[in-house]
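J.: Quick one: sequence plus predicted model below, questions after.
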Amino acid sequence: MMTPYRYSRIAMALHWAIAALLAFQLGLGWRMVDLGSAAAMYAPFQLHKSIGILVLALSLVRVMVRFVRPRPAAAGSGLTGLLASGVHAGLYAFMIGGPLTGWALVSTAKLKLPTLLFGTIPWPHLPLGPVFHEPAEFLHELLGWIGAVLIALHVAGALRHHIGAKAEPNVLGRMIPGAGAARAGLVWGLAAIAMLGVVLSLPWLVYGKVAPAKPVAASSSEAVVDELAGLDASATATEVPMLQASASATAEEEAPSRWQVLPGGKLGFRVAVNGEPVDGTFSGWSADIVFDPEKPEAGSITVRIPLLSVSSGDETRDTMLKGEDFFGGGPATAVFRSASIKRSGADRYIAAGTLSMNGARRPVTLAFGLKVAGDKAKAAGTTTLDRTAFAVGKGEWASTDQIAGKVDVNFDFEAKRLKR
Ligand code: HEM
Ligand code: HEM
């Protein structure tokens, strides 16, 4: 086989693609472990796993290419040549060992997080026992540093060799497409080093400003309840006659009114993941409401929630929530049916009933505020559920170590009185 002066195009393409991905991957690894909150870490972790597996695949191809495509004779001789070859071998070990230790540590974690590569390809766990977790994590962390040192040595060696070599005047050009002259090799080599530096620091730019999930949803609906309860005091002059009118109108009628929920209503939940709140909502829920503030006992509320409409602001997490372990394992619709509604204060009510979800049926009490003005009503309320009572979170998620068992449910909507 003829020994070419330069690497093959495919070898060059893989060299630079892997170099860029590794630089980003190192920065991402170091950045993401410092993000603090589980909610903020979720997306970067998924990205880190995705890129890591991509690096593994590309590196395996790279090794195969090395065997089938002719490549230049090792640059340098004697000790320098040996050093270069040693660093190259170390780099290959890092390119393959880095992803493998990462994959192993993820596969052996006590609470395994499903991996969905680039949000689409489900990735399996390695069949390893939990005893491998600590060693894998230790090695993975160590390999990150070893890899960084090897890259630094490799780059320094390539530059030194390029500038100092007499026998092979354009070492950098061997790995840079189109850089036929030594000067072009040096310019493009330096540009590549600068680019890798930028790529390495990208994770700090992208994930530098990640704010922890805002603790708003639950407290805002509580605020609405309070606001609704306090409306009497702050009611404007125009609202007061309307309220009186509706009160006298309903007094004349026999059956309580039916209400239609208006678009824009919100039904959401909040749960602590590693102590950090994560908020989610369901869309497309519907409610049959028969209710009269004068006769709450005669009312009834039925709410239907399509569980697979869940959304928590993160595609990967949503896919997980829609999976078998969470909302995808039972009937697709959860149903709350009130059994009794009682007044608990001015414009405040308590609806006791049952919630059927995921094949389980449990008593649930909703506390809500409701204010009627003419044919419009505003309602908001909260309740707290124990997700384990409904088997939301199966297998490794049944434990409440990471995802709390207590889930706050909140709703906030407007409704229109239906004409009879
Ligand atoms: C994450 C970064 C990098 C990794 C993992 C990496 C990895 C490697 C590996 C494994 C080889 C050996 C190829 C073989 O013979 O099979 C190689 C060759 C080479 N790399 Fe890199 N590299 C990186 C960054 C760089 C940078 C930034 C430069 C230049 C500024 C560079 C320049 C070269 C050159 C010139 C060769 C050919 C050396 C020769 O002909 O003996 N590499 N690289
Ligand atoms: C291209 C190869 C990879 C490199 C260079 C790399 C690099 C890193 C680095 C530098 C860290 C931070 C370590 C620390 O200081 O705590 C890290 C952490 C981590 N990596 Fe990777 N990684 C790679 C591939 C993977 C893969 C393929 C996975 C999983 C499939 C993975 C999963 C993780 C996890 C879960 C952590 C956090 C570990 C902890 O909590 O300490 N990595 N990685």
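T.: Okay, I see it. Numbering: from 1, shown residues only. Ligands and ions are numbered 1, 2, ... in the order given.
J.: in the stretch 151-300 of the chain, which spans are strands?
T.: Across the stretch 151-300 of the chain, reading from the start of the chain, the strands by DSSP state E, counting those that start in this stretch fall at 257-261, 266-273, 276-282, 286-291, 300-306.
J.: any idea which of those strands scores lowest on pLDDT?
T.: When these are ranked by mean pLDDT, strand 276-282 comes last with a mean of 83.
J.: what packs against that one?
T.: When contacts are defined as 3 or more Cβ pairs under 8 Å, 6 or more residues apart in numbering; DSSP states H and E, strand 276-282 packs onto helix 38-68, strand 266-273, strand 310-311. Heads up, the C-betas are built off the backbone N, CA and C, glycines and all.
J.: In terms of residue numbering, what are the domains of the chain?
T.: 9-206, 217-417 (automatic domain parsing).
J.: Relative to ligand 2, how far out is the nearest residue in space to G359 that is not next to it in sequence?
T.: If you skip the residues right next to it in sequence, G359 has G330 as its closest partner in space, 4.3 Å away by Cβ to Cβ, 6 or more residues apart in numbering. Relative to ligand 2, G330 is positioned 30 Å away (criterion: Cβ to the nearest ligand atom, to the nearest Å).
J.: pretty sure G330 is in contact with V392, am I right?
T.: No. Between G330 and V392 there is no contact, the gap being 9.1 Å when judged by Cβ atoms under 8 Å.
J.: Could you tell me which residues of the chain lie near ligand 1?
T.: 15, 18-19, 22-23, 66, 71-72, 74-75, 84, 88, 91-92, 95, 151, 154-155, 158, 171-172, 174-175, 189, 192-193, 196 (Cβ under 6 Å from any ligand atom).
J.: Drop anything exposed from those.
T.: Neighbour-count burial (16 or more other Cβ atoms under 10 Å) is assigned, among the residues of the chain next to ligand 1, to 15, 18-19, 22-23, 71-72, 75, 84, 91, 95, 151, 154-155, 158, 171-172, 174-175, 189, 192, 196.
J.: What number of residues are in the vicinity of G129?
T.: As a burial measure, the neighbour count of G129 was computed by other Cβ atoms under 10 Å and equals 8.
J.: so what pLDDT did it get?
T.: In this prediction, G129 carries a pLDDT score of 86.
J.: That one: what's it in contact with?
T.: The contact partners of G129, taken as Cβ atoms under 8 Å, 6 or more residues apart in numbering, are T108.
J.: From ligand 2, how far off is it?
T.: Counting by Cβ to the nearest ligand atom, the gap from G129 to ligand 2 is 17 Å.
J.: what does G52 give?
T.: 2 Å.
J.: quick one: which of the helices and strands packed on strand 276-282 is nearest D386?
T.: strand 266-273 (11.1 Å; Cβ to Cβ).
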